[in-house]
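Enquirer: Let's see this in three dimensions:
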Amino acid sequence: MKTAVKFQLSLMMFLEFFIWGGWFVTLGTFLGDNLKANGGEISMAFSTQSWGAIIAPFIIGLIADRYFNAERILAVLHLTGAVLMYQMYSAPDFAGFYPYVLGYMIIYMPTLALVNSISFNQMKDPAKEFSFVRVFGTVGWIVAGLLISYVFLWDSPEARGEGMLKNTFLLVAVASAFLGLFSFFLPKTPPKANREGKASISELLGLEALGLLKDRNFLIFFISSILICIPLAFYYQNANPFLAEIGVENPTGKMTIGQASEVLFMLLLPFFFKKFGFKKTIMAGMLAWTLRYALFAYGNAGDLAFMLILGIALHGICYDFFFVSGQIYTDSKAGPKYKSAAQGLITLATYGFGMLIGFWVAGKIYDMNLLSENMHDWNTIWTFPAIFALGVSIVFAIFFRNETIEYKA
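Expert: Predicted coordinates:
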């Protein structure tokens with residue numbers, strides 16, 4: 001791959017995840033502080049990610065993959081996203097905000113598949129080349145958090161009191177417009193249908209892989225994947241408001257420690273697979289959720305602040321050891337014919353339906369533990385997902401039979 005192309009793809013990935021990390025992390029805090037939204041409304045806003053994940057296969061498979069170059073549809077989606085981001089910036093209340101965030105996530109979620117498609121189309125050996133390009137996405141997410149906390153100071157108590165956190169949407173609108181224009185100059189990626197034939201609806205949604213559920217182990221893994229998304233949703237929805245509410249300085253910047261640990265534990269994953277096997281590795285990921293939320297439940301912004309930092313740093317184990325391990329396991333079980341369908345099925349089940357349930361539950365628990373106008377019983381809020389994740393790990397440990405999975409890094 002030429003250096004110029006590598007630079008283009010790396011910048012594309014950087015901007016793609018800079019955009020996501022630039023507003024989604026602080027969304028819960030913004031909605032509570034600026035728009036006075038309750039837990040139910042906040043969960044509705046976060047659930048738009050799930051609706052986007054459910055609808056995305058139709059946009060990619062029925063439109064982008066059949067009729068348009070991937071880089072052109074990416075450009076149009078991000079330019080449209082810039083307009084919607086500005087509308088979210090200008091929204092006076094939650095009722096005015098929600099339609100725009102719903103529309104935005106429906107058009108943003110498909111871009112995650114598009115940037116991968118554009119990248120893979122330029123690579124002779126994606127197994128070796130993709131990780132270098134993809135890591136710039138993680139860097140983009142980290143840079144967004146650092147800018148919000150340490151450069152613009154938008155998540156400081158003073159700035160939040162003045163409503164400055166809404167500027168994250170303006171920042172992302174500019175980045176989205178830039179990526180939209182930049183996308184027109186990305187390497188040409190013609191419609192897949194021109195090269196591979198048209199995919200059916202069942203292929204797009206991964207329904208052809210439903211036969212895998214006849215395998216007892218895969219069924220246990222599939223159900224566990226959906227259930228573990230409930231505690232996952234608590235982190236996405238409540239972590240930033242929690243840190244901000246209890247007085248942690250630069251909460252958004254500190255949360256980027258989670259993305260840094262994601263890179264570290266991704267590198268350690270092959271070692272754990274070889275040393276401990278799939279079942280123990282994925283159980284470590286589940287139990288890390290329990291430990292993380294226990295640390296959140298009993299930590300504070302004072303002398304026990306190290307517990308909060310440790311809880312954030314566990315993100316690499318929580319995410320990589322369960323979700324990345326799960327993708328590898330799914331790939332090994334599916335076989336050559338159903339690889340794509342199986343991954344689509346797991347994505348639909350987890351980021352679609354699993355997190356949809358999770359955001360709803362997180363919103364209910366958040367509202368039930370409101371102590372006063374701006375204070376919550378966070379010990380109780382975090383205890384629920386800690387116990388739930390522990391329960392899922394116990395069920396998995398009992399019913400999942402150990403099996404050998406080959407993993408080539």
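Enquirer: Any regions of this protein where pLDDT drops low?
Expert: Scanning the chain for pLDDT under 70 picks out 60-66, 127, 192-208, 337, 340, 406-409.
Enquirer: domain ranges for it?
Expert: For the chain, the domain assignment from automatic domain parsing gives the residue ranges 1-184, 205-409.
Enquirer: in the host helix or strand of residue 77, what counts as buried?
Expert: With secondary structure defined by DSSP states H and E, residue 77 is part of helix 70-90. Residues of helix 70-90 classed as buried by neighbour count (16 or more other CB atoms under 10 Å): 70-75, 77-82, 84-89. C-betas here are computed from N, CA, C, even on glycine.
Enquirer: so which of the domains of the chain gets nearest residue 190?
Expert: Closest approach to residue 190 among these is made by domain 1-184 (5.7 Å; CB to CB).
Enquirer: Straight-line length of the closest one, end to end?
Expert: 19 Å (CA to CA, to the nearest Å).
Enquirer: Can you get me the start-to-end distance on stretch 306-319?
Expert: Start-to-end, stretch 306-319 (CA to CA) is 21 Å.
Enquirer: for stretch 19-31, same thing?
Expert: End-to-end span of stretch 19-31 (CA to CA): 18 Å.
Enquirer: element containing the closest residue to residue 315 other than its chain neighbours, please.
Expert: Setting aside the residues directly before and after it, residue 315 is nearest to residue 258 in space (CB to CB, 6 or more residues apart in numbering), at 3.2 Å. Using DSSP H and E, residue 258 sits within helix 251-298.
Enquirer: Output the contacting helices and strands for that helix.
Expert: Here helix 251-298 touches helix 126-146, helix 216-245, helix 305-313, helix 315-319, helix 325-347, helix 378-399, going by 3 or more CB pairs under 8 Å, 6 or more residues apart in numbering; DSSP states H and E.
Enquirer: Could you tell me how far that helix lies from the centre of the chain?
Expert: Offset of helix 251-298 from its chain centre (CA atoms, centre = their mean, to the nearest Å): 15 Å.
Enquirer: could you check the angle helix 378-399 makes with it?
Expert: 80 degrees (axes from the mean of the first three to the mean of the last three CA atoms, to 10 degrees).
Enquirer: returning to what we had before: deepest-packed of the helices and strands packed on helix 251-298, please.
Expert: helix 315-319 (a mean of 25; mean count of other CB atoms under 10 Å).
Enquirer: so what's the residue nearest to residue 104 when sequence neighbours are not counted up against?
Expert: In space, residue 104 comes closest to residue 84 once its chain neighbours are excluded; the distance is 4.3 Å by CB to CB, 6+ apart. Residue 84 makes contacts with 100-101, 103-104, 107, as judged by CB atoms under 8 Å, 6 or more residues apart in numbering.
Enquirer: and with 6 Å instead?
Expert: By CB atoms under 6 Å, 6 or more residues apart in numbering, residue 84 lies in contact with 100, 103-104.
Enquirer: Would you mind checking which of the residues you listed is nearest to residue 44?
Expert: residue 100 (12.8 Å).
Enquirer: count of neighbours near that closest one?
Expert: Applying other CB atoms under 10 Å, we find 20 residues neighbouring residue 100.
Enquirer: In the strand or helix carrying residue 110, which residues are buried?
Expert: Assigned by DSSP H and E, residue 110 falls within helix 94-121. By 16+ other CB under 10 Å, the buried positions in helix 94-121 come out as 94, 97-98, 100-119, 121.
Enquirer: could you check the angle helix 126-146 makes with it?
Expert: Per the same axes, to 10 degrees, the angle that helix 94-121 makes with helix 126-146 is 150 degrees.
Enquirer: Can you get me the centre-to-centre distance for helix 94-121 and its chain?
Expert: 12 Å.
Enquirer: quick check: angle from it to helix 70-90?
Expert: 160 degrees.
Enquirer: Could you list every helix and strand in contact with helix 94-121?
Expert: Other elements packing on helix 94-121 under the criterion 3 or more CB pairs under 6 Å, 6 or more residues apart in numbering; DSSP states H and E are helix 3-21, helix 39-59, helix 70-90.
Enquirer: Distance to residue 252 added to those, as a markdown table?
Expert: A markdown table is the format used below for the helices and strands packed on helix 94-121 (distance: least, CB to CB, whole Å):
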| stretch | distance to residue 252 |
| --- | --- |
| helix 3-21 | 9 |
| helix 39-59 | 16 |
| helix 70-90 | 17 |
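Enquirer: So which of the ones you listed is nearest residue 396?
Expert: helix 39-59 (22.6 Å).
Enquirer: So what touches the closest one?
Expert: In contact with helix 39-59 (CB under 6 Å, 6+ apart) are residues 28, 31, 94, 101-102, 105-106, 109-110, 204-205, 237, 351-352, 355-356, 359-360, 362-363, 366-367.
Enquirer: repeat for stretch 305-321
Expert: 255, 257-258, 261-262, 264-266, 269, 281, 284-285, 288-289, 292, 295-296, 299.
Enquirer: Recalculate using a threshold of 8 Å.
Expert: Stretch 305-321 is contacted from outside by 232, 235, 239, 243, 248, 254-255, 257-266, 269, 272, 281-282, 284-285, 288-289, 291-293, 295-296, 298-301, using CB under 8 Å, 6+ apart.
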